[in-house]
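>>> I'll drop the sequence and a predicted model, then ask my questions.
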Amino acid sequence: MKKITIIGAGTSGLAAGIRLQSLGFACEIYEKNEAVGGRMYQIKENGFTFDVGPTIVLMPQMYKELFEMSGAKSEDYIHMTLVEPMNTIHYPDGIALQISSNLPKFISQLESFSEKETVGYLQYLSDVYERYVRAKEAFLEKSYRKPSDFYNFKTFHALAKLRTLNNAYQSISSFVKEDKLRKALSFQTLYIGVSPFSGPSIYTIIPMIELLYGVWYIKGGMYQMAKAMERRFLELGGKIHLNQPVDEIIIDKGVAKGIRVHGDVIYSDIVLSNADFPWAMKHLVKDEKHKGKYQDKKIDRMKYSSSAFIMYFGLNKKYPTTVHQIHFTKDFKKNIDDLFNGVVPEDPSYYLYSPTQIDLDLAPEGCEVLYVLVPVPSLHQNHLVWHKDAVTNLRLKVLNRIKKLKGFEDIEDHIVYEKIFTPETFKDKFNLAFGATFGLQPSLFQSLYYRPQATIKSVKNLYFVGSSNHPGAGVPIVLMSAKIVTNEIVRDHT
């Protein structure tokens, strides 16, 4: 039985561990934090429970498949419910659009714009669903080990059919003309940290996935998925070592031999890194000859996703609202452009998440949980130091916006618990390069073959998994990453 050392108990590290353990490998995970999950983390204080990172469950079958492939029933580990409406979008002029997977209900809202816009919206769904099926079969579920895996007629023929050269906003604009609907179908690229005005049009699949597969909620919050994966991994015989930051990947004559933790070398046949790829290459692979094409200078020149400023509020009053809300600023394009030009937006759009609308166990009786996310630049492009004044100013700016919402006028008087995460927090707590919450930006030349793969040529028996690796960010996609790296390890070692 071959021994695998896994660095990091993030989503894809745990998922890969379950898959590999099920296939007869002996896996041990070394995690720097006091609990598993990576960015799928949890704050639990003063009776309030908050998901730290991801909050939206898309493509639930991919969550379930992980447990089922290991011989378990998914319903014994996670309990999901459909969120309705899936989110509410608020525009600066006071109009609100409730996005629903209930088609008759949603159609009536679309028709309030016009029947022509409704036709365009439905045409968009049909077009992007077909592109999604092509992308999944041709690109998302495969690995690229050598140039010929990508540079061939079949690949370029599939790329041509995907029409990836225009950006997400341009692609959507060919179907709908109403600006409100264009925004409603394009902001989701921010889920993976890329601008809708520059991100490849294939990322218009995200709103399609929301509409056709629904937005779901895991009872107890997203962190229950991390705990469920931990439980299943341990049941299969895997081992997890918490509070054990890895200092180095041990490489001898171009072969990974193990890891160094607190000065001790732990040997294994295979090393699988779930640490953020840019951080791992800079900090865990010490010798330049083993970094291959990912030298430190190249890592620094790569494009990084946006980051997040998140406020976690425990409120001692109920605020009836929807679970997910998006609030657009007046100048959406300037907001996004600032975000990717290293400027903290003066008038930012923001996202509200209130899971206590459907899960009362997350707060004391009569209380509410409110998660407020403001997209901000990563530390890669700006020189902002998130000192006390910078945090206070942005907090106040966003709170003043929230206080203008009907029913939220007194919110500041009812905050009884508060915690704030900035890009610095994500950099330090989760070892994310430049605090880029979603890892490497999925730009055209950092996607597919051009994105870091599950393997690198310069070192044998060393593998990578996670959001900065192919196929990219987002929980369903990193679950796919775990499947890809498992296939690569099985290919090499059985």
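Yep, it's here.

>>> gap between the nearest residue to S458 once chain neighbours are set aside and R145?
Nearest non-adjacent residue to S458, counting by Cβ to Cβ, 6 or more residues apart in numbering: G292, 3.4 Å away. The C-beta positions use only the backbone N, C-alpha and C, and glycine is treated the same way. G292 sits 13 Å away from R145, going by Cβ to Cβ, to the nearest Å.

>>> Same check on G24?
23 Å.

>>> Contacts only, for the residue nearest to S458.
Contacts of G292 were listed using Cβ atoms under 8 Å, 6 or more residues apart in numbering, and they are I456, K457, S458, V459.

>>> rewinding a little: neighbour count: G24 and R145, which is higher?
R145 (16 against 10; other Cβ atoms under 10 Å).

>>> pretty sure the more buried one is touching Y463, no?
No: proximity of R145 to Y463 does not meet the contact threshold set by Cβ atoms under 8 Å, at 11.6 Å.

>>> on that earlier part again, now distance to Y267 and neighbour count too, for the contacts of G292, in CSV please.
Output for the contacts of G292, formatted as CSV (distance: Cβ to Cβ, whole Å; neighbours: other Cβ atoms under 10 Å):
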residue, distance to Y267, neighbour count
I456, 20, 20
K457, 23, 11
S458, 20, 17
V459, 15, 20
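
>>> so of the residues you listed, which ones are in strands?
I456, V459 (DSSP state E).

>>> Closest one of the contacts of G292 to E45?
I456 (40.3 Å; Cβ to Cβ).

>>> Return the distance of the closest one relative to L432.
Distance of I456 to L432, given as Cβ to Cβ: 20 Å.

>>> Next: N87.
N87 is 26 Å from L432, by Cβ to Cβ.

>>> overlap in contacts of R145 and Y463?
T455, E488.

>>> And the helices in the stretch 201-350 of the chain?
In the stretch 201-350 of the chain, the segments counted as helices under DSSP state H, counting those that start in this stretch are 205-213, 223-235, 277-283, 288-291, 296-301, 332-339.

>>> what's the closest of those to L58?
Nearest to L58, of the helices of the stretch 201-350 of the chain and by Cβ to Cβ, is helix 205-213 at 5.4 Å.

>>> Give me the buried stretch members for the closest one, please.
Using 16 or more other Cβ atoms under 10 Å as the test for burial, helix 205-213 gives I205, I206, P207, M208, I209, E210, L211, Y213.

>>> out of those, who's nearest T118?
Using Cβ to Cβ, the buried residues of helix 205-213 come closest to T118 at L211, 13.2 Å.

>>> Test my guess that the closest one contacts I107.
No: assessed by Cβ under 8 Å, L211 is found out of contact with I107, at 11.4 Å.

>>> and the protein, what are its domains?
The chain is divided into the following domains under automatic domain parsing: 3-45+54-78+219-302+443-493, 101-214, 304-430.

>>> Please work out which of the ones you listed is packed deepest.
domain 3-45+54-78+219-302+443-493 (a mean of 20; mean count of other Cβ atoms under 10 Å).

>>> where are the low-confidence patches of this protein?
164-165, 382 (pLDDT under 70).

>>> Relative to the centre of it, find the outermost residue for me.
Going by Cα atoms, centre = their mean, the residue of the chain most distant from its centre is K253, 35.3 Å out.

>>> coming back round to it: out of N87 and L432, name the residue with the larger neighbour count.
Applying other Cβ under 10 Å to N87 and L432 shows that L432 carries more neighbours, namely 28 against 22.

>>> how about stretch 364-381 as PDB, C-alpha atoms only?
Backbone C-alpha positions of stretch 364-381 (Å, rounded to 0.1, in the frame of the first residue of the first chain) are rendered in PDB as follows:
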ATOM      1  CA  PRO A 364     -29.400  32.400  19.600                       C
ATOM      2  CA  GLU A 365     -33.200  32.700  19.800                       C
ATOM      3  CA  GLY A 366     -34.500  36.000  18.300                       C
ATOM      4  CA  CYS A 367     -31.100  36.700  16.700                       C
ATOM      5  CA  GLU A 368     -29.700  36.900  13.200                       C
ATOM      6  CA  VAL A 369     -26.500  36.100  11.300                       C
ATOM      7  CA  LEU A 370     -25.500  38.500   8.600                       C
ATOM      8  CA  TYR A 371     -22.400  38.000   6.400                       C
ATOM      9  CA  VAL A 372     -21.500  41.000   4.300                       C
ATOM     10  CA  LEU A 373     -19.000  40.600   1.500                       C
ATOM     11  CA  VAL A 374     -17.400  43.400  -0.400                       C
ATOM     12  CA  PRO A 375     -15.100  42.400  -3.400                       C
ATOM     13  CA  VAL A 376     -11.800  44.200  -3.000                       C
ATOM     14  CA  PRO A 377      -8.500  44.000  -4.900                       C
ATOM     15  CA  SER A 378      -5.900  41.400  -3.800                       C
ATOM     16  CA  LEU A 379      -2.600  42.500  -2.400                       C
ATOM     17  CA  HIS A 380      -1.000  41.800  -5.700                       C
ATOM     18  CA  GLN A 381      -2.000  45.100  -7.400                       C
END
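
>>> Nice, that's everything, thank you.
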